[in-house]
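J.: Requesting a structural model of the entry that follows:
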Amino acid sequence: MSVLVLGFDLTILNVALPTMAADIGAGTGELQWIVDSYAVVFAACMLPAGLLGDRFGRRRMLVTGLVLFLAGSLLGPFASAPEAVIAARTVMGLGGALILPLALSVIPTLFGDEERARAVGAVTAGMAVGLPAGPLLGGWLLDHFWWGAIFILNIPLVVLGIAAVLLLVPETRDPSAPRVDPVSTALSVLGLGGLVLGVMEGPTRGWFDPLVAGALAGSAVLLGRLVLRERRAARPMLDLELLGDRAFRGNAIVAVVATFVMAGLLFVLPAYLQAVLGNDPFGTGLRLMPLMAGLLVAARAAPLMMARLGSRVVVSAGMAVFAFAMLLGARSDVTVAYGFTAVWLAATGFGLGFALVPTTDAALGALPVSRAGRGTGLLTTLRQVGAAVGVALLGSLLNGVFTDRLDTEGVPGAAAEEARGSVVAAHAVAERLGVPGLAESAESAYVHGMDLVLLVCGIAALLTAVATAVLLPDDGKGEQSAPGEGGLGDGAGMASVRSGTGQ
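T.: Numbering: from 1, shown residues only. Purely as a prediction, here's the structure:
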């Protein structure tokens, strides 16, 4: 229940942006900030969130995150200006930064090796349900209510999540966790925020724009200072030693690559399904269902396959299927039927589920219980940054191809510039000026750009599949550490947490 609302919120807002622009007078830049404010705060605040859970209680901080998310969802529907919506989204991003790492960090403290993969699969399935269901429910709500309904949808889900956590999840913490260092916290929040802001704004503003260049340069300085400070600290907040663990490092890299590719895919698909194939928002969400179905099947089957074959085989095979799906999708053209798209979307979800569930399980399995919060904070931060970079870089590649291949001959200068903004804008210009050839050119240019993005994603996934087969430990559980050195195979440690002594 906790992560389901995050899955919804990653995709549901996009279908409401045109309506919000008309109702509250939001311009393009303000719409971008409505989307980006959530993502920037989400990525920037996850690293200290895990430490807060270790020190003050994982259940307590998870409930705090849900309450913050609820507060933002209550503010959003009553906003009458873009600035108020941006503020509500910022509060929701702060709540999300607590929810995701802490929802994962309770898993290694509650479940042993045999059960942990099933728990990770349940969390993955919760996110998977929300992603494609977001535009589906969003489109239906916009057909029947006003745009504020997309915020109100979160309220009953969050309330149920809070009740379930309070009733079912025991409190765990690490009394010896390092104190929350305000300087390191500020460096991580500002450094990660600058990085995500820079990579998100770069494709639209230009990489040499003062804001983008300043954000990236400032991020490099701040994050470098953070690493130096944490390496000298006796009890660091940024637990870089975790990256020295072969299992944690290898599985984290796979998770980041998979998230990078998936974020790029979810960025290019909606416009393809709406502008090229001609579906409305509800129809777009419906046509994303094969992706969700494949992911749900794989998330359920992954623990059984891991027990039979081992994580390394399952992860490698999942990334290989993922690569095959991307390369198959890269053969799309404007004349292809949706049935072909449904096939490679289902294969994408199938491969993604078999890649992400074992890698998340193995990464969590490499963590000692006492470092669960910091480890999951680091893992989810890396994944979120990977998603932001994926949208920025792959979106930039798509926009570059689209602009270069769009034929605007005979279209007035201002209208031609408007048409280059997106395939949706090109359709609007073509309809307004009565130039059907412009719409056809826009569809062809967009599909060509999408094919190139999918080709890049496929190559990245294929290389990751090969590297996984060669480099990951055989059992996917990591090199089991001696008690106290980093493994989760310490039965005494698990028993102490379950009996309450770890609280």
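
J.: how far is stretch 456-465 from where the chain is centred?
T.: Between the centre of stretch 456-465 and the centre of its host chain there is 18 Å, according to C-alpha atoms, centre = their mean, to the nearest Å.

J.: Please enumerate the helices of the stretch 351-500 of the chain.
T.: Chain-ordered helices for the stretch 351-500 of the chain, with DSSP state H, counting those that start in this stretch as the definition, fall at 372-405, 413-419, 423-433, 436-471, 491-499.

J.: And those helices, which one averages the lowest pLDDT?
T.: Out of the helices of the stretch 351-500 of the chain, helix 491-499 stands lowest, with a mean of 33 (criterion: mean pLDDT).

J.: what comes up buried for stretch 105-118?
T.: 105-111, 116-118 (16 or more other C-beta atoms under 10 Å). No exception for glycine: its C-beta is placed from N, CA and C like everyone else's.

J.: which one among the residues you listed gets closest to residue 154?
T.: The shortest approach to residue 154 among these belongs to residue 106, at 21.2 Å (C-beta to C-beta).

J.: Which residue is the nearest non-sequential neighbour of that closest one?
T.: Spatial nearest neighbour of residue 106, chain neighbours left out: residue 58 (5.1 Å); criterion: C-beta to C-beta, 6 or more residues apart in numbering.

J.: ditto for residue 158
T.: Nearest residue to residue 158 in three dimensions, chain neighbours excluded: residue 70, at 4.5 Å (C-beta to C-beta, 6+ apart).

J.: about what we covered before: for the buried residues of stretch 105-118, please prepare JSON lines with the additional fields secondary structure and distance to residue 8.
T.: As requested, those are exported to JSON lines (DSSP: H, G, I helix; E, B strand; the rest coil; distance: C-beta to C-beta, whole Å):
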{"residue": "105", "secondary structure": "helix", "distance to residue 8": "22"}
{"residue": "106", "secondary structure": "helix", "distance to residue 8": "21"}
{"residue": "107", "secondary structure": "helix", "distance to residue 8": "21"}
{"residue": "108", "secondary structure": "helix", "distance to residue 8": "26"}
{"residue": "109", "secondary structure": "helix", "distance to residue 8": "27"}
{"residue": "110", "secondary structure": "helix", "distance to residue 8": "25"}
{"residue": "111", "secondary structure": "coil", "distance to residue 8": "25"}
{"residue": "116", "secondary structure": "helix", "distance to residue 8": "25"}
{"residue": "117", "secondary structure": "helix", "distance to residue 8": "25"}
{"residue": "118", "secondary structure": "helix", "distance to residue 8": "23"}
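
J.: Kindly reformat the residues you listed as TSV containing pLDDT.
T.: Converted to TSV, these look like this (pLDDT from 0 to 100):
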residue	pLDDT
105	77
106	79
107	79
108	75
109	73
110	79
111	80
116	76
117	73
118	78
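
J.: ok, back up a step: ok, now which ones touch the residue nearest to residue 158?
T.: If you count contacts by C-beta atoms under 8 Å, 6 or more residues apart in numbering, residue 70 has them with 95, 154-155, 158-159, 162.

J.: can you tell me how far the residue nearest to residue 429 when sequence neighbours are not counted sits from residue 437?
T.: Residue nearest to residue 429 in three dimensions, not counting chain neighbours: residue 419, with 4.4 Å by C-beta to C-beta, 6+ apart. To residue 437, residue 419 is 12 Å away according to C-beta to C-beta, to the nearest Å.

J.: where do the contact lists of the two overlap?
T.: Jointly contacting residue 419 and residue 437 under the rule C-beta under 8 Å, 6+ apart are residue 430.

J.: just the angle between the one helix or strand the residue nearest to residue 158 maps to and helix 372-405, please?
T.: Per DSSP states H and E, residue 70 falls inside helix 58-75. For helix 58-75 against helix 372-405, the angle by axes from the mean of the first three to the mean of the last three C-alpha atoms, to 10 degrees is 40 degrees.

J.: average pLDDT across helix 58-75?
T.: If you average the pLDDT over helix 58-75, you get 91.

J.: Give the buried residues for that helix.
T.: Counting neighbours by 16+ other C-beta under 10 Å, one finds that the buried residues in helix 58-75 are 58-66, 68-75.

J.: Please apply the same query to stretch 73-92.
T.: 73-77, 79, 82, 85-92.

J.: got it, and stretch 304-317?
T.: Within stretch 304-317, the residues that qualify as buried by neighbour count (16+ other C-beta under 10 Å) are 305-306, 310-317.

J.: Show me which of those is closest to residue 190.
T.: Compare each of the buried residues of stretch 304-317 with residue 190 using C-beta to C-beta and the shortest gap goes to residue 315, at 34.2 Å.

J.: can I assume the closest one is in contact with residue 470?
T.: No - taking contacts as C-beta atoms under 8 Å, residue 315 lies outside contact range of residue 470: 11.9 Å.

J.: what about residue 101, how many neighbours?
T.: Burial of residue 101 is recorded as 34 neighbouring residues (other C-beta atoms under 10 Å).

J.: relative to helix 58-75, how tilted is the helix or strand where it lies?
T.: Under DSSP H and E, the secondary-structure element containing residue 101 is helix 82-110. On the basis of the same axes, to 10 degrees, helix 82-110 is oriented at 160 degrees to helix 58-75.

J.: what packs against helix 82-110?
T.: Contacts of helix 82-110 with other secondary structure elements, assessed using 3 or more C-beta pairs under 8 Å, 6 or more residues apart in numbering; DSSP states H and E, are made with helix 2-11, helix 17-24, helix 28-56, helix 58-75, helix 113-144, helix 338-365, helix 372-405, helix 491-499.

J.: What are the buried residues along stretch 225-234?
T.: For stretch 225-234, a neighbour-count test (16+ other C-beta under 10 Å) marks 226, 229-230 as buried.

J.: try stretch 409-429
T.: Of all the residues in stretch 409-429, those buried under the rule 16+ other C-beta under 10 Å are 411, 415-416, 418-423, 425-429.

J.: My guess is the residue nearest to residue 106 contacts residue 171. True?
T.: Yes - the pair formed by residue 58 and residue 171 meets the contact definition of C-beta under 8 Å, at 7.2 Å.

J.: now stretch 217-236: how far from the chain's centre is it?
T.: Here stretch 217-236 shows a centroid-to-chain-centroid distance of 25 Å under the convention C-alpha atoms, centre = their mean.

J.: what pLDDT, on average, does that stretch get?
T.: Taken as a whole, stretch 217-236 carries a mean pLDDT of 83.

J.: Run through who's touching that stretch.
T.: Residues contacting stretch 217-236 (C-beta under 8 Å, 6+ apart): 178-179, 181, 183-184, 187-188, 190-195, 198, 237-238, 240.

J.: from these, which ones fall inside helices?
T.: Among the contacts of stretch 217-236, DSSP state H puts 183-184, 187-188, 190-195, 198 in helices.

J.: Would you point to the one among the helices of the stretch 351-500 of the chain that's packed deepest?
T.: For those, the largest average neighbour count (mean count of other C-beta atoms under 10 Å) is found in helix 372-405, namely a mean of 23.

J.: Cheers, nothing more for now.
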